[in-house]
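got a sequence here, can you build the structure:
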Amino acid sequence: QVRLTQWGGGSVQVGGSLRLSCAGTGRTLSWDVMGWFRQAPGKDREFVAGISGDGNSVRYSNSVEGRFSVSRESAWNRIYLQMNNLQVEDTAVYYCNVPIQWGADWIRPGDVWGPGAQVTVSS
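Residues are numbered from 1 along each chain as shown. Reported below is the predicted structural model:
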């Protein structure tokens, strides 16, 4: 049974940076797309970023591209989300997720979720 543990997040002012980390246990996740979703109050959960098992393919939502960077250490079943130039609209609970499925124009979350980490950006 795969389990995801998260750490990081917190509160920053506009323009600041935060880093999220996620580690998976239970089996190797080297072949799986892993990634991040977020959910703001009163809104649906949305895709933020994802990375393929070999790290060669990454995707970002339009709202974070150029500011966020996803990376992974497959040997350790870990992924990271470096968030720079944070904006108030980035305030949300961020969830690690696996195994993400994606095609040319669609993304489907996996059935394993991390516990979530609060990110709060204030002006």
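
roughly how far does the most centrally placed residue in the chain sit from residue 123?
The centroid of the chain falls nearest to residue 36 when counting by Cα atoms, centre = their mean (2.1 Å). From residue 36 across to residue 123, the span is 23 Å (Cβ to Cβ, to the nearest Å). C-beta: built from backbone N, CA, C; applies to glycine.

mind listing what the residue nearest to the centre of the chain touches?
20, 22, 47-50, 70, 79, 81, 94-97 (Cβ atoms under 8 Å, 6 or more residues apart in numbering).

just the CA trace of stretch 5-16, in CSV.
Provided in CSV are the C-alpha atoms of stretch 5-16 (Å, rounded to 0.1, in the frame of the first residue of the first chain):
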residue,chain,number,x,y,z
THR,A,5,4.2,12.0,3.5
GLN,A,6,4.5,15.7,3.0
TRP,A,7,6.5,18.4,4.6
GLY,A,8,7.1,22.1,4.0
GLY,A,9,4.7,24.9,3.2
GLY,A,10,3.9,27.7,5.6
SER,A,11,3.2,31.4,5.4
VAL,A,12,5.1,34.0,3.3
GLN,A,13,4.5,37.5,1.9
VAL,A,14,3.9,38.2,-1.8
GLY,A,15,7.0,37.5,-3.8
GLY,A,16,8.4,35.0,-1.3
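
for this protein, which strand is longest?
The residue-count maximum for a strand in the chain (DSSP state E) belongs to strand 92-102.

neighbouring contacts of that strand?
With contact meaning Cβ under 8 Å, 6+ apart, strand 92-102 is reached by 2, 4, 6, 9, 20, 22, 24, 29, 32-40, 43, 45, 48, 50, 59, 79, 81, 107-110, 112-119.

what's the following helix or strand after it?
Counting by DSSP states H and E, the next helix or strand C-terminal to strand 92-102 is strand 107-108.

can you flag the buried ones in the contacts of strand 92-102?
Neighbour-count burial (16 or more other Cβ atoms under 10 Å) is assigned, among those, to 2, 4, 6, 9, 20, 22, 24, 29, 32-38, 48, 50, 59, 79, 81, 107, 109-110, 112-114, 116-117, 119.

surely residue 30 is within a strand?
No. Applying DSSP: H, G, I helix; E, B strand; the rest coil, one finds residue 30 to be coil, outside a strand.
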